[in-house]
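K.L.:
Dropping the sequence and predicted coords here.
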Amino acid sequence: MSYSRKPLVGIIMGSSSDSRIMKGAAEILDEFKVLHEDQIISAHRTPSRLSEYAEEAEKMGFKVIIAGAGGAAHLPGMIASFSTIPVIGVPILVYNDKHPKKTESSKFSAFGGLDSLLSISEMPTGSPVAAVGVNKSGNAGLYALKILANEFPELKKKLKQHKTVQHQSVLKESREMKTQGLSKFVKKKFK
Ligand code: RP5
């Protein structure tokens, strides 16, 4: 089976307002040509759909589910409770994007993302969810690739190349910093 013929990763989020954060997961999977299926499933607004999705995900043969949610982020944990597929949770900080007033304070959770992080990482014993950092959806994508790489050696090769690219880019920036000096480097980089 090829990893680019049918979706192996399900990306879900609690609201359309999570989509701008969650797209980071899609981007890294796209870069590696891993197909994913993306949906909005609200654990509290569409609870019955949540259990249906979990069943569907098993039937679809997803190998990993990436679930993002903000606030009292129960979506990843609930999906994990309904399914045997490994779930990676993405705690989301920016939310209430659809608030009519759209002021800065209406946009952010009162606890700055810690609410979502703890809701996801502190799943009680028996239904684990792997949690990445707040808004770190790209890391969730990368972690999904690492899980898939156990089955697809081609992906393992690509992940190794990805590490080499990261290594080279740090070396390049370090060389620039060394030649330009810190002050010039900062001025140039953040102008
Ligand atoms: C959570 O509530 C969602 O994951 C989202 O982060 C947050 C707010 O959702 P909206 O009110 O913007 O739809 O369920």
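P.N.:
All right, it came through fine. These figures come from a predicted structure and were not determined experimentally.
K.L.:
buried set for stretch 28-42?
P.N.:
Using 16 or more other Cβ atoms under 10 Å as the test for burial, stretch 28-42 gives 28, 29, 32, 34, 36, 37, 38, 40, 41, 42. Heads up, the C-betas are built off the backbone N, CA and C, glycines and all.
K.L.:
Filter these down to just the ones in strands.
P.N.:
Counting by DSSP state E, the members of the buried residues of stretch 28-42 that fall within strands are 36, 37, 38, 40.
K.L.:
In this structure residue 117 contacts residue 134, no?
P.N.:
Yes. At 5.5 Å, residue 117 and residue 134 qualify as touching, with contact defined as Cβ atoms under 8 Å.
K.L.:
hey, what's in contact with both of those two?
P.N.:
Residues within reach of residue 117 and of residue 134 at once, by Cβ atoms under 8 Å, 6 or more residues apart in numbering, are residue 91.
K.L.:
in this structure, which helix or strand is least confident?
P.N.:
Least confident helix or strand, the chain: helix 104-107 with a mean of 66, by mean pLDDT, DSSP states H and E.
K.L.:
which is the next helix or strand following it?
P.N.:
helix 114-121 (DSSP states H and E).
K.L.:
Would you mind listing the buried residues in that next one?
P.N.:
Using 16+ other Cβ under 10 Å as the test for burial, helix 114-121 gives 115, 116, 117, 119, 120, 121.
K.L.:
Okay, the residue nearest to the spatial centre of the chain and residue 59: tell me how far apart.
P.N.:
Centroid-nearest residue in the chain: residue 137, 2.7 Å away (criterion: Cα atoms, centre = their mean). Per Cβ to Cβ, to the nearest Å, residue 137 is found 25 Å from residue 59.
K.L.:
Which residue ranges of this structure form helices?
P.N.:
Secondary structure of the chain (DSSP state H): helices located at 19-31, 47-60, 75-82, 104-107, 114-121, 137-149, 153-180, 182-189.
K.L.:
ok, residue 3 - contacts?
P.N.:
The contact partners of residue 3, taken as Cβ under 8 Å, 6+ apart, are 33, 34, 35, 148, 152, 154, 155.
K.L.:
so what pLDDT did the nearest residue to the last one once chain neighbours are set aside get?
P.N.:
Ranked by Cβ to Cβ, 6 or more residues apart in numbering and with sequence neighbours excluded, the top spatial neighbour of residue 155 is residue 149, at 4.2 Å. For residue 149, the model assigns a pLDDT of 98.
K.L.:
count of residues packed around residue 149?
P.N.:
18 (other Cβ atoms under 10 Å).
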